[in-house]
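**Q** Okay, predicted coordinates and the sequence, questions at the end:
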Amino acid sequence: MAVYFLRSKHLSRGKGARATRAAAYRAGERIRDERTSDVHDFSGRQDVAYKEVIIPHGLSAAAEMSWTQDRSTLWNAAEHAGLRRNSRVAREWLVLLPPELTPGQRTQLVRAFAADLANRYRCAVDLSIHQPRPGADSRNHHAHLLMTTREVTPDGFGPRTSLELGGRERHLMGLAGTSRDEYLSIRERWAQFTNEALRQAGLDARVDHRSFERQGINREPTPTIPEKVFYAERAAHGHSAAGDEIRSRHRERLDARMKGKDELTRVLQKQKADLRERAIDDAKRREAQPEKVRWSALTREDRNKKRREKYQHRRATEKLDAPTEAKRREAARQRYYARMQRDPEAIREARRRWRSANAEKINRQQREYRQKRAERSQSSSPSPEDSANRWKAAYGENGAPGPSAEESARNWLAFHEREGLADPTAPHMSVQHLEGTSASAEPDDDDDRKPRKRHDHDLEM
């Protein structure tokens, strides 16, 4: 039978959500996030029955609004419109669809509700209807309506919608009621749309957006298990501590309802006090911990900075273990050679593009490196005056006198005779002249060549 369910939630960057990823997942498409360079590919989904982007009726025929029909453009623009690290980039409405309706009737119902939201708040609504997955409840037909938090115009995004404004902003703009009143109004509108669709289909089933208490029904509502708890229990094929606690509170309320209204009131007050105290303790514990910014809230530069810091810390730790460091370097070389063998020209082209794009940075680093080397060499090597003073201290003033020039020459000649070297007093003749070869000929012995320096690059830097 038809069941009423409508839930709204914000996609906040501060909580790790991204509009591009949400749109790609719900529509089963591939979208690249231009702000973070992440690619979200869910094109393999097979349960998306229908998807469409709906904009206000007066703008749907304008050619300037074609940018809203491309999901990648629409939701990347929504990401860039939010400037703060905790910006709300989208709002999602999740609704259950009556299983009694046909696929065409369900599509018509969701399109009518999405058009009502778009016309009311002058925003874009990206709707996706999902079929039940294999192995799940066959009645689980539902729809996701991803709604922009800003109005759409031919020039791009405009101001925030009235649904996203707080009390002070609503008062300054002259809007009646609160955002909670608007939320309750949307809940009622979904019930009206659903009942109208059931009536047109000739069905007697109806839904009601009001709670059991407001309807005058003395019955405990079914407890709602949070998504994280639900999926954790499904993955573990059993109950969890958080889920058991929710069920325990539900059983406590059931028992109290059977004992009377006073007992139910007491139990509700007790449970609310316990939850409030726990929330206060959790808030104090979070405030005591250092602030941690979610990865999705960082820009590309911040992410690269954190990656470099993490890499440098890991490299410093690895260098303490010489054998492991040698194995890591060798493995990096082998991976590099394997990539070069697969497609060497592509790697060379990527290097050329990177050097061309970062030429200014490369030149600046080279200048800084040469300047540091020059400063280090100047500080380490003595000046001519220092060298002369040191020689005087060693030989001229305090030390023993050194050998004379004649003694040095005799010692040198004796060394050459002892080593069997050529007469150093004979005129110098090149090897090519002695052998009768041309001056341009190269020696055949590789040992005479200057040894080439082995560049043992750290290929992961």
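**A** That came through fine. Remember, predicted model here, so these are calculated numbers, not experimental data.
**Q** rest of the way, CA atoms for contacts and neighbours
**A** Fine.
**Q** The residue nearest to the spatial centre of the chain in helix, strand or coil?
**A** With distances taken as C-alpha atoms, centre = their mean, the residue of the chain nearest its centroid is residue 296 (4.2 Å). Under DSSP: H, G, I helix; E, B strand; the rest coil, residue 296 falls in the helix class.
**Q** Which pLDDT value does the model give the residue nearest to it when sequence neighbours are not counted?
**A** Nearest non-adjacent residue to residue 296, counting by C-alpha to C-alpha, 6 or more residues apart in numbering: residue 16, 5.2 Å away. With respect to pLDDT, residue 16 has a value of 83.
**Q** mind listing what residue 16 touches?
**A** Shown in contact with residue 16 (C-alpha atoms under 8 Å, 6 or more residues apart in numbering): 294, 295, 296, 297.
**Q** phi, psi of it?
**A** Reported as degrees, to the nearest 10, the phi and psi values for residue 16 are phi 90, psi 0.
**Q** the longest helix in this protein is where?
**A** helix 261-288 (DSSP state H).
**Q** Which element, helix or strand, includes the residue lying farthest from the centre of the chain?
**A** Residue farthest from the centre of the chain, counting by C-alpha atoms, centre = their mean, is residue 406 at 77.9 Å. Following DSSP states H and E, the helix or strand that holds residue 406 is helix 405-419.
**Q** buried residues in that helix?
**A** Judged by neighbour count using 16 or more other C-alpha atoms under 10 Å, helix 405-419 contains no buried positions.
**Q** likewise stretch 318-330?
**A** In stretch 318-330, counting by 16+ other C-alpha under 10 Å, buried: residue 329.
**Q** and that stretch, average pLDDT?
**A** Rounded mean pLDDT across stretch 318-330 is 83.
**Q** roughly how far apart are residue 73 and residue 128?
**A** Distance, residue 73 to residue 128, using C-alpha to C-alpha, to the nearest Å: 17 Å.
**Q** out of the two, which sits in the more crowded spot?
**A** The residue with more neighbours, out of residue 73 and residue 128, is residue 128; 26 against 17, by other C-alpha atoms under 10 Å.
**Q** Toward the C-terminus, what is the element adjacent to the helix or strand containing the more buried one?
**A** Assigned by DSSP H and E, residue 128 belongs to strand 125-130. Using DSSP H and E, the helix or strand that follows strand 125-130 towards the C-terminus is strand 142-147.
**Q** just checking, what packs against that next one?
**A** strand 88-96, strand 125-130 (3 or more C-alpha pairs under 8 Å, 6 or more residues apart in numbering; DSSP states H and E).
**Q** Give the next helix or strand downstream of the strand or helix carrying residue 333.
**A** Residue 333 belongs to helix 322-342 when elements are defined using DSSP H and E. Downstream of helix 322-342, the first helix or strand assigned by DSSP H and E is helix 344-357.
**Q** hmm, who's touching that next one?
**A** Contacts of helix 344-357 (C-alpha under 8 Å, 6+ apart): 339, 340, 362.
**Q** Could you report the neighbour count for the last one?
**A** By other C-alpha under 10 Å, 13 other residues sit near residue 362.
**Q** quick one: contacts for it?
**A** residue 355.
**Q** For it, what is the enclosing helix or strand?
**A** Going by DSSP H and E, residue 362 is in helix 359-380.
**Q** Need the CA coordinates for that helix. CSV is fine.
**A** Taking C-alpha atoms only, helix 359-380 is exported to CSV below (Å, rounded to 0.1, in the frame of the first residue of the first chain):
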residue,chain,number,x,y,z
ALA,A,359,58.7,27.0,-16.5
GLU,A,360,58.6,30.0,-14.2
LYS,A,361,58.6,27.7,-11.1
ILE,A,362,61.5,25.6,-12.5
ASN,A,363,63.6,28.6,-13.3
ARG,A,364,63.0,30.1,-9.8
GLN,A,365,64.0,26.9,-8.1
GLN,A,366,67.1,26.7,-10.2
ARG,A,367,68.1,30.2,-9.3
GLU,A,368,67.5,29.6,-5.6
TYR,A,369,69.5,26.4,-5.8
ARG,A,370,72.5,28.1,-7.5
GLN,A,371,72.4,30.9,-5.0
LYS,A,372,72.4,28.5,-2.1
ARG,A,373,75.3,26.6,-3.6
ALA,A,374,77.3,29.8,-4.1
GLU,A,375,76.6,31.0,-0.5
ARG,A,376,77.6,27.6,0.9
SER,A,377,80.8,27.4,-1.1
GLN,A,378,81.8,30.9,-0.1
SER,A,379,81.2,30.2,3.6
SER,A,380,83.1,26.8,3.5
